[in-house]
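> need a 3D model of the sequence below.
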Amino acid sequence: MLSNLYFNKNLAVNCELLGDSKTEVLESFMLGLYKKLGLCGSNVWIAKMELELINQGQYIYDAFEARFGDITGERWIDVMDDCSDYVDDIRNILSDIGASYGSLNSLDRYVADDPVGSVDLYEMICGYADSHSDIVHIVFLVRGMGDCDWIVRWFRECFGELVLVVE
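Numbering: from 1, shown residues only. So this is what the prediction gives:
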């Protein structure tokens, strides 16, 4: 079965669980999916900010990267995993390029170190599935799954057969 996960228009996402609390499990799934999409793989809110920019148009994301480099002298890809020293610069850049409220909200949640909730994961998966009509399943390949059977039940209740969690 696992060999077929990479075919038939399925998206396979590798996840390493950060822990077994609900917040840690949800964050692990979100980070796995964001990383698979080529976004920040260390902080959900920075990855969500990037996705918001891309959803506005690739040119907005490209403008952000270019302005970030011009202002800081750093490449975004080199510092996105730990960008806490650049929050004010990022906020100014987002305002200057006309970024969406969602981008600024994600940055604010990063600064506040907000926990991830099930609604955040639900919105992310539904948004991804809605924008990729060719996706049959999103498959999370999970390592380190302990006493988290609730997440498998929750996924099946929310997403039916769209999302599969493989232990």
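> SS state for Leu26?
Recorded secondary structure, Leu26: helix (DSSP: H, G, I helix; E, B strand; the rest coil).
> how about stretch 46-59: buried residues?
By neighbour count on 16 or more other C-beta atoms under 10 Å, the buried set for stretch 46-59 is 46-54, 56. In this view, the C-beta of every residue, glycine as well, is placed from N, C-alpha and C.
> what's the closest of these to Glu74?
Minimum distance to Glu74 across the buried residues of stretch 46-59 is 14.3 Å, recorded for Ile46 (C-beta to C-beta).
> sorry, back to before: which of the buried residues of stretch 46-59 sits closest to Gly117?
Lys48 (12.4 Å).
> does the residue nearest to the closest one when sequence neighbours are not counted count as helix, strand or coil?
Closest residue in space to Lys48, ignoring its immediate chain neighbours: Ser106 at 4.3 Å, by C-beta to C-beta, 6 or more residues apart in numbering. For Ser106, the assignment made with three-state DSSP gives helix.
> in what helix or strand does the residue nearest the centre of the chain lie?
Note on the chain: the residue nearest the mean C-alpha position is Tyr34, at 3.3 Å, using C-alpha atoms, centre = their mean. Per DSSP states H and E: Tyr34 is located in helix 22-36.
> quick one: mean pLDDT over that helix.
For helix 22-36, the mean pLDDT works out to 87.
> other SSEs contacting whichever helix or strand comes after that helix?
Under the assignment DSSP H and E, the closest C-terminal helix or strand after helix 22-36 is helix 44-56. Judged by 3 or more C-beta pairs under 8 Å, 6 or more residues apart in numbering; DSSP states H and E, the packing partners of helix 44-56 are helix 22-36, helix 58-72, helix 101-112, helix 118-131.
> quick one: work out the angle between helix 44-56 and helix 22-36.
Relative orientation of helix 44-56 versus helix 22-36 (axes from the mean of the first three to the mean of the last three C-alpha atoms, to 10 degrees): 40 degrees.
> if we can go back for a sec, please identify the deepest-packed of the helices and strands packed on helix 44-56.
Comparing these on average neighbours per residue, with mean count of other C-beta atoms under 10 Å, the densest one is helix 22-36 at a mean of 20.
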